[in-house]
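Novice: pasting a predicted model and its sequence here:
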Amino acid sequence: MTLRWWASLIALLAATLYALSVPLSKILFEHMSSTMTAAMFYLGAGFAMVIIAVVEKRRAQTDRSWMPPPRLVRSDLPYTIAMVVLDIAAPILLLAGVARTQAATVSLLNNFEIVATALIALVFFGEKVSRRLWVGIGLVLFASVLLTADAGDLAGGFSLNSGALLALAATVCWGVENNCTRKISDKDSTQIVLIKGLGSGTGSLTIALALGDAVPAMPWFFAALVIGAFAFGLSIKLYIVAQRHLGAAKTSAFYSVGPFIGVFFSFVMLREHMTGQFFLAAAVMVVATVVIALDTIGIQHTHEHVHVHTHEHSHGDLVHTHPHAHAHSHTHAHGQDMSLHEHTHPDFPGHDADFPGHGGHNEVG
């Protein structure tokens, strides 16, 4: 099996780990509040990143060919604070939504982050959106409306699913956060995710305690931390590893199956009932995902050909900082990935040399 096949499997594993967090959170709600669950998830991710940071520090001491990326500086503070604040709000809103509706519905609505990220980038940052991506955005919007409307109440009047609305609000927060985080995307990925996890986790925990939420019993306390470590910590690092060999766009395409994996686990673990309206929305989401994935991969393909012999540009280490859907704008041939991601130059001294030439080149900006 080639290295790229392994990287593809790693990308799918990363998607699966995150997808599991939604149905598992539904089980945890029997033992703790949704806000406390959000805190435990992000603290778990933060602790996981501490371990990874220690490992990487030792690597830097023993492997002189490994060049650590630049760290955050004072000028990055506004974007870092915005990132933490939004990552306090988003998981609290998402899990509050899970508590009020089916986990499968919330899993599918994670795709709305694509819409939020792209539209915010368009309106506030002047990024262009391709025609194909507009089609994908329209399909996601249509599916989201289907998921948000309560079919059982449509005959007696239009009704909205409050849990779905909370999930949509969470994806909007993450859409704003994506656009803030891209401003510090050339800095140390491990440092960013560590700050994200511990900062957002501590903030969520403070809110949970202020609301009078009880700290769960130790077994469930540690269970939530472990889920967070894998779903929000290890998942991110696996995404980075896959991206290093597949490229940002192709890894994003593999990762886009995550919401559908979440639907599968919601059915298997929770025995949730799926309506005809849900299946219609899911089918539309599948088409939207395929359209967006094709658009994304097309952008990376153009990028790889344009830069196959060009080495005048420079980039820092970029890393995806939370495991969710991705949107790409199209200002130029690169296509700006709205998530953070690491990359390597296989043909540069001191970098990964798994692939000859520029084929494994993963930067997008």
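Specialist: Thanks, I have the structure now.
Novice: phi, psi of Met67?
Specialist: phi -110, psi 110 (degrees, to the nearest 10).
Novice: mind checking how far stretch 75-84 is from the chain centre?
Specialist: Centroid separation between stretch 75-84 and its chain, computed with CA atoms, centre = their mean, to the nearest Å, is 18 Å.
Novice: pull the number of nearby residues for Ile27.
Specialist: Ile27 is flanked by 15 other residues according to other CB atoms under 10 Å. No exception for glycine: its C-beta is placed from N, CA and C like everyone else's.
Novice: equivalent analysis for Leu160, please.
Specialist: Neighbour tally, Leu160, other CB under 10 Å: 12.
Novice: so who does it touch?
Specialist: Thr148, Ala149, Asp150 (CB atoms under 8 Å, 6 or more residues apart in numbering).
Novice: could you check the pLDDT of the second one?
Specialist: pLDDT for Ala149: 89.
Novice: my read: it touches Ser159, true?
Specialist: Yes - if you go by CB atoms under 8 Å, Ala149 and Ser159 touch, sitting 7.1 Å apart.
Novice: Phe267 and Tyr42, how far apart?
Specialist: 27 Å (CB to CB, to the nearest Å).
Novice: compare neighbour counts for the two and give me the winner.
Specialist: Tyr42 (31 against 16).
Novice: what is the neighbour count of the spatially closest residue to the more buried one that is not a sequence neighbour?
Specialist: Distances taken as CB to CB, 6 or more residues apart in numbering place Gly201 nearest to Tyr42, at 3.5 Å, with adjacent residues excluded. By other CB under 10 Å, 27 other residues sit near Gly201.
Novice: and the helix or strand Gly201 falls within, what's buried?
Specialist: Under the criterion of DSSP states H and E, Gly201 resides in helix 189-210. Within helix 189-210, the residues scored as buried using 16 or more other CB atoms under 10 Å are 189-205, 207-208.
Novice: comparing Ala149 and Ser159, which shows the higher neighbour count?
Specialist: Shown here are Ala149 and Ser159; by other CB under 10 Å, Ala149 has more neighbours (17 against 13).
Novice: ok, that one to Ser65 distance?
Specialist: In terms of CB to CB, Ala149 sits 56 Å off from Ser65.
Novice: then Leu168?
Specialist: 46 Å.
Novice: what's the answer for Leu225, then?
Specialist: 35 Å.
Novice: so these two - more neighbours on which side?
Specialist: Each of Leu225 and Ser65 has its neighbours counted (other CB under 10 Å); Leu225 has more, 22 against 9.
Novice: got the phi and psi for that one?
Specialist: phi -60, psi -40.
Novice: and it, how close does it get to Trp134?
Specialist: For Leu225, the distance to Trp134 - CB to CB - is 41 Å.
Novice: and Gly97, by the same measure?
Specialist: Where Trp134 is concerned, Gly97 sits at a distance of 26 Å (CB to CB).
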